[in-house]
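Chemist: Let's see this in three dimensions:
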Amino acid sequence: MKIIHILIFLFLASLYNLPIANAKSEGELSAGMVNPGHEEHPSWFKVSFLDLFEDVEDATDNNKRLMIYYYQDGCPYCKKLLQENFSQREISDKTKKYFDVVSINLWGDKEVTVGDKTYTEKAFAEALKVQYTPTILFFDENNKIVFRANGYYPPEKFSALLDYVGSRQDAELSYQEYMTKVNPQPSTGRLHDDINSVQSVSDLSRADTAKTGKYTLVMFEQNKCNTCDELHLDILKREESIK
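Modeler: Residues are numbered from 1 along each chain as shown. Presented below is the predicted three-dimensional model:
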């Protein structure tokens with residue numbers, strides 16, 4: 001009987017240990033002590049002490065506004081925002097022109113100061129009812145949130161949103177009125193290879209400019225890029241461009 005009790009105890013103990021072992025493997029940090037799913041933020045994001053009123057003041061002094069970007073590691077739409085939106089020169093330049101961008105971790109424990117109150121990053125998210133990522137908050141010069149973008153916006157809508165808040169159109173029009181006015185069009189979402197004069201060159205050493213007497217033009221492009229669409233569907237098709 002004692003042997004049976006011991007075997008049952010060992011069996012139950014092994015069951016309790018299983019989740020603990022799994023939790024350890026799932027929670028392990030990647031190389032460099034980085035959380036799994038972490039995406040590097042652009043180097044031009046502001047390094048902030050998370051004193052938000054001070055950040056608003058700094059932005060105002062530079063004729064900008066403060067953009068708070070709430071993210072979490074492993075968030076597919078945060079990755080999409082970074083790789084498909086901020087990777088586009090037009091969008092990144094526009095963001096830098098109009099905003100100071102401060103990123104806050106939805107589950108973070110860093111201290112956030114808002115006037116005479118302090119929060120952790122996650123407590124501040126809870127206070128603002130931020131429930132998913134990405135969530136982007138735009139602050140005006142009076143420390144007020146003038147627009148809240150819940151979830152991912154595709155590049156054409158995100159670019160229009162930057163113009164709306166950055167150029168202070170929020171004082172004149174509602175967001176829906178502004179979007180109806182500008183009517184941003186989605187990109188084709190594809191890489192263009194239908195122009196006869198455009199070739200895919202994997203080895204640039206083969207481009208013999210001495211023989212042709214012409215320069216080699218190398219274009220770095222991506223899908224979901226409105227300016228790439230304009231280049232291929234309009235500019236490169238013009239007679240003067242072909243010549």
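
Chemist: Now do the helices in this structure.
Modeler: Under the criterion DSSP state H, helices of the chain are mapped to 2-26, 52-61, 76-80, 89-98, 121-127, 155-166, 175-182, 209-212, 226-233, 239-242.

Chemist: what about the longest one, average pLDDT?
Modeler: This points to helix 2-26. Averaging pLDDT along helix 2-26 gives 40.

Chemist: rewinding a little: now tell me which of the helices of the chain the model trusts least on average.
Modeler: The bottom spot among those, by mean pLDDT, belongs to helix 2-26, with a mean of 40.

Chemist: who are the neighbours in contact with D140?
Modeler: 65, 146, 170 (Cβ atoms under 8 Å, 6 or more residues apart in numbering). C-beta coordinates here come from the backbone N, C-alpha and C atoms, glycine included.

Chemist: which of these has the most neighbours?
Modeler: R65 (21 neighbours; other Cβ atoms under 10 Å).

Chemist: how many neighbours does E121 have?
Modeler: Neighbour tally, E121, other Cβ under 10 Å: 20.

Chemist: State the distance from it to V114.
Modeler: 12 Å (Cβ to Cβ, to the nearest Å).

Chemist: and what of P134?
Modeler: 20 Å.

Chemist: More neighbours: which of those two?
Modeler: Under the neighbour definition other Cβ under 10 Å, P134 and V114 were set side by side, and P134 has more, 24 against 15.

Chemist: Next, give phi and psi for that one.
Modeler: For P134, the backbone dihedrals are phi -80, psi 150 (criterion: degrees, to the nearest 10).

Chemist: Double-check it against Y71; I have them as touching.
Modeler: Yes: judged on Cβ atoms under 8 Å, P134 makes contact with Y71 at a distance of 5.8 Å.

Chemist: Quickly list what's touching both of the two.
Modeler: What both P134 and Y71 touch, as defined by Cβ under 8 Å, 6+ apart, is the set C78.

Chemist: Find the nearest non-adjacent residue to Q185, please.
Modeler: E156 (6.1 Å; Cβ to Cβ, 6 or more residues apart in numbering).

Chemist: before we move on, what about G115?
Modeler: Nearest residue to G115 in three dimensions, chain neighbours excluded: F53, at 5.8 Å (Cβ to Cβ, 6+ apart).

Chemist: now swap in L173 and tell me
Modeler: In this structure, L173 finds its nearest non-sequential neighbour in K181, 7.1 Å apart by Cβ to Cβ, 6+ apart.

Chemist: What of G37?
Modeler: Counting by Cβ to Cβ, 6+ apart, the residue nearest G37 is G74, at 2.9 Å.
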